[in-house]
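In: predicted model and sequence follow; I will ask about them next.
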Amino acid sequence: MYILEAINILSENSMVAFENPQGFRHFYQKLLQGKEWKISSLSLNHRGYQLQKENFVSYLRNLFNAKGLFRRSVSIAEIISFMDSYYIMDKVFNSLEKLLDPEDFKKLSLYCEYKIKYSKNRRIDYVLRFHDKILIIEFRLSATFPNMSNVWQKKENELLIYKELLSNYFPQECKILVYAFIAMPEFNDHTAIFKHIQYNNQNAKYFAEYINEFLIKNPSLSQIK
């Protein structure tokens, strides 16, 4: 019963929810409309200005506003940030699918832009659920290698606060995990930055291994019962 309660909480307070990774993939491909997404080193606002007439901009803005969860409209920089994180999450699912049993892979649910209750509209980028375990995920873009900065620590501290806030009203049986994914821009204008592409690909695989180890393999209460 508490699993259904958790599902309802997540679905009702997220910008968009997916019952399985395939649903997310269809959504992402619909946004791309056959084009290839590129994370460039330009600022989010500058990239947004260049792409503001693309169909995905109005689609995501309308989707964000339609939920009525947030007091203000979404900015163009936030929309570009959404697309960057979708790009990375697609890589993670591609790696994860190779690791998991097909039935387990289908049981993963994803919730995007989850609004934390009574938190002055603070949002979690992603919540990934498997049975009664949830993994809260925050993305950040860094132009310098993250292990040379404090960007990871900042995001992890933020996630720990979010975890504490969720524990106030999520069923106690639900186990809450956290993960910060720090991505890097893969293009400087139209020139590929190969060491950054390699970094993102390696970390997508590493994140998939983390999900497999701690969210999938470690049995939950509902699986034991």
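Out: Perfect, thanks for sending it. Residues are numbered from 1 along each chain as shown.

In: I'd say residue 115 and residue 70 touch.
Out: Yes: look at residue 115 against residue 70 with CB atoms under 8 Å: they come within range, at 6.8 Å. In short, each C-beta sits where N, CA and C put it, glycine included.

In: which residues do those two both contact?
Out: 121, 123 (CB atoms under 8 Å, 6 or more residues apart in numbering).

In: quick one, strands of the chain?
Out: 14-18, 109-115, 123-130, 133-141, 175-183, 187-188, 191-192 (DSSP state E).

In: gap between the residue lying closest to residue 55 once chain neighbours are set aside and residue 58?
Out: Residue nearest to residue 55 in three dimensions, not counting chain neighbours: residue 33, with 6.5 Å by CB to CB, 6 or more residues apart in numbering. According to CB to CB, to the nearest Å, residue 33 stands 13 Å off from residue 58.

In: more crowded one of the two?
Out: residue 58 (12 against 9; other CB atoms under 10 Å).

In: OK, contacts around that one?
Out: Applying CB under 8 Å, 6+ apart, no residues contact residue 58.

In: pull the contacting residues for residue 180.
Out: Taking CB under 8 Å, 6+ apart, one finds 137, 138, 139, 140, 152, 155, 156, 159 in contact with residue 180.

In: hmm, which of those residues are the buried ones?
Out: In the contacts of residue 180, burial by neighbour count holds for 137, 138, 139, 140, 155, 159, counting by 16 or more other CB atoms under 10 Å.

In: how many neighbouring residues does residue 217 have?
Out: 11.

In: where in this protein is pLDDT low?
Out: 1-2, 146-149, 219-225 (pLDDT under 70).

In: 50 - rerun?
Out: Within the chain, the ranges that satisfy pLDDT under 50 run 222-225.

In: quick check: longest helix of it.
Out: Of all the segments of type helix in the chain, defined by DSSP state H, the longest one is helix 76-99.

In: which helices and strands does that one pack with?
Out: If you count contacts as 3 or more CB pairs under 8 Å, 6 or more residues apart in numbering; DSSP states H and E, helix 76-99 packs onto helix 21-32, helix 44-51, helix 55-66, strand 109-115, strand 123-130, strand 133-141, strand 175-183, helix 194-210.

In: and the ones you listed as TSV, adding distance to residue 97?
Out: Formatted as TSV, the helices and strands packed on helix 76-99 follow (distance: least, CB to CB, whole Å):
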stretch	distance to residue 97
helix 21-32	7
helix 44-51	29
helix 55-66	24
strand 109-115	13
strand 123-130	14
strand 133-141	17
strand 175-183	18
helix 194-210	8
